[in-house]
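**Student:** model the following, please.
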Amino acid sequence: MLCYRGMTFCSQFGCAADCERRMTQEISDAATAAQLPVALAQLRDTEYCPGFVAEKSEKKSVANTDSRR
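**Tutor:** Numbers count the residues shown, from 1 in each chain. Now for the predicted structure:
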């Protein structure tokens, strides 16, 4: 299946700000505009995670706000 930008984005909240796999609202909006799905996975503690920033927050991850589910 073809996904937005041909890569998997990280659904973990607290991802490092400079991580190219960090799921953001901008990525979600661009994928919606392109009518393409976004591949999401929890990449924390994998070779794809350049660093995890512990963050206490009550916000929901972008992955849980997708109304198409």
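**Student:** list the buried ones in the helix or strand containing Ala33?
**Tutor:** Assigned by DSSP states H and E, Ala33 belongs to helix 25-34. Neighbour counts over helix 25-34 (16 or more other C-beta atoms under 10 Å) mark 27-28, 31 as buried. Yep, even glycine has a C-beta here, placed from its N, CA and C like the rest.
**Student:** now stretch 11-28
**Tutor:** Buried residues in stretch 11-28 (16+ other C-beta under 10 Å): 11-13, 15, 19, 21-23, 27-28.
**Student:** listing request: residues of this structure with sub-threshold pLDDT.
**Tutor:** Within the chain, the stretches with pLDDT under 70 are 50-69.
**Student:** name the nearest residue to the spatially most central residue of it, sequence neighbours excluded.
**Tutor:** Taking C-alpha atoms, centre = their mean, the centroid of the chain lies closest to Met23, which sits 2.4 Å from it. Computed as C-beta to C-beta, 6 or more residues apart in numbering, the closest residue to Met23 that is not its neighbour in sequence is Phe9, at 4.3 Å.
**Student:** for the one you found, phi and psi?
**Tutor:** phi -100, psi 160 (degrees, to the nearest 10).
**Student:** so what's the residue count around it?
**Tutor:** Residues within reach of Phe9, counting by other C-beta atoms under 10 Å, total 25.
**Student:** name the nearest of the buried residues of stretch 11-28 relative to Leu2.
**Tutor:** Ile27 (15.6 Å; C-beta to C-beta).
**Student:** okay, strands next: where are they in the protein?
**Tutor:** 8-10, 39-41 (DSSP state E).
**Student:** need the winner for burial among the ones you listed.
**Tutor:** strand 8-10 (a mean of 21; mean count of other C-beta atoms under 10 Å).
**Student:** what is that strand packed up against?
**Tutor:** Strand 8-10 sits against strand 39-41, with contacts defined as 3 or more C-beta pairs under 8 Å, 6 or more residues apart in numbering; DSSP states H and E.
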